[in-house]
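In: From the sequence below, what's the structure:
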Amino acid sequence: MPPLRLAPGRLLAALSLGLALALGPRPAAAQDLDLGFTQNPGPSEQPALFITPQKPVVALHVEVTAGGQTYTFDKGALPAGKLVKLAWKRDPAVTSAEAFIRIEFTDGFVTEQSVPIEWSYGGKLSVDLSRARADVKQRTITVKVTGKVDSAEITAYGAKKAVLDKREVPLSGGPGEVTLPWVGEASEVVLLDVTVRGGNAWASFTYSPWFLDIPHEDVLFDTNSDVISASQAYKLEATLRQLQEVLEKYGEVVPVKLYIAGCTDTAGDGAHNRDLSNRRARAIARWLKEHGYDKPIFFHGFGEGLLAVPTGDGVDEVRNRRVLYMVGANPPPASAGVPAVSWTPL
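Out: Residues are numbered from 1 along each chain as shown. A predicted model of the protein is given here:
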């Protein structure tokens, strides 16, 4: 069975339960080390810890304590990106362990971490996030699970990784789609850390329902043009400053993505308007990237499909000639008023 890759939120949550000690010129960074474990060992499969250093390693030392026994592992030099599997004795009566990890990188930095691990020999349970849906108004998230679930432990994080709420909620559903409530104040929730349980099986995931509309002054383009004139640059400079503030506040909690939606009024041909709005959204995306915004950017031209002011066909309405700037860890949810589309990465 492949290892469970821990998302940044899951990794930080795990480390916060144990000891995190850094020895060296700077504190340990999550991006230096990826950790994972076998969540549901199959028949005759041993529980295992997976470690992937993101920088070259001089030495790796791991002690896993499980069921009163300690298993010691030592590895020499390792290249960046090398997956290391450390397995220990299978005992159906033991389903948790504490892993002490000491790793020395070639740049001289040494870090020590104590990581709690939990697994299950019961029925397998997994979560499919490929079609996860967030409903902003109802404050729910719908995901697909492979087995029956009867409860969920949910932790809500806000800006700068502040814990807003943590609770266990009853569920009754699966296999198939199950709907989970948000906890915490909806307007402040940035990331949800969820563990669903059913019988002896469990599965964990993180999901971000968070997104923000960035207020801005619209760039004015010449007729049928996607060229940003010098006189309009100050508007994008203001937007760039706002985006940097967003990154400072939320960048450590979720992978922030920028979504730029181009819109037109109903004057002119519909196909032409879609193309024009797409080119203008792309032009703005390129400007922001060229002027220092280095996070992922996606764009889409909605043409007449996202009117701020509903009008009939052929109406020259200035309020509909606009561009939306939205940030989030995932595409804007349909419940936020933006249709689900295939966004184009810049």
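
In: In this structure, what helix or strand scores lowest on average pLDDT?
Out: strand 20-23 (a mean of 28; mean pLDDT, DSSP states H and E).

In: Now do the next helix or strand after it, average pLDDT.
Out: Next along the chain after strand 20-23, taking DSSP states H and E as the criterion, comes strand 33-37. Here strand 33-37 scores 81 as its mean pLDDT.

In: Over to stretch 317-335?
Out: The average of the pLDDT scores along stretch 317-335 is 84.

In: cool, stretch 264-274 as well?
Out: Averaging pLDDT along stretch 264-274 yields 89.

In: What would that stretch look like as PDB? C-alpha coordinates only.
Out: C-alpha atoms of stretch 264-274 as PDB (Å, rounded to 0.1, in the frame of the first residue of the first chain):
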ATOM      1  CA  THR A 264     -17.600  42.000 -20.500                       C
ATOM      2  CA  ASP A 265     -20.900  43.600 -21.200                       C
ATOM      3  CA  THR A 266     -23.400  42.200 -23.700                       C
ATOM      4  CA  ALA A 267     -22.500  44.600 -26.500                       C
ATOM      5  CA  GLY A 268     -21.000  42.800 -29.500                       C
ATOM      6  CA  ASP A 269     -20.600  39.100 -30.500                       C
ATOM      7  CA  GLY A 270     -20.600  36.600 -27.600                       C
ATOM      8  CA  ALA A 271     -17.700  34.500 -28.800                       C
ATOM      9  CA  HIS A 272     -15.600  37.700 -29.400                       C
ATOM     10  CA  ASN A 273     -16.400  38.900 -25.900                       C
ATOM     11  CA  ARG A 274     -15.300  35.600 -24.400                       C
END
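
In: And that stretch, what's buried?
Out: Within stretch 264-274, the residues that qualify as buried are 264-266, 268, 273-274, counting by 16 or more other C-beta atoms under 10 Å. C-betas here are computed from N, CA, C, even on glycine.

In: what does that stretch contact?
Out: By C-beta atoms under 8 Å, 6 or more residues apart in numbering, the residues outside stretch 264-274 that reach it are 276-277, 301-305, 307, 311-318, 320-321.

In: Am I right that Ser187 sits in a helix?
Out: Yes - assessed by DSSP: H, G, I helix; E, B strand; the rest coil, Ser187 belongs to a helix.
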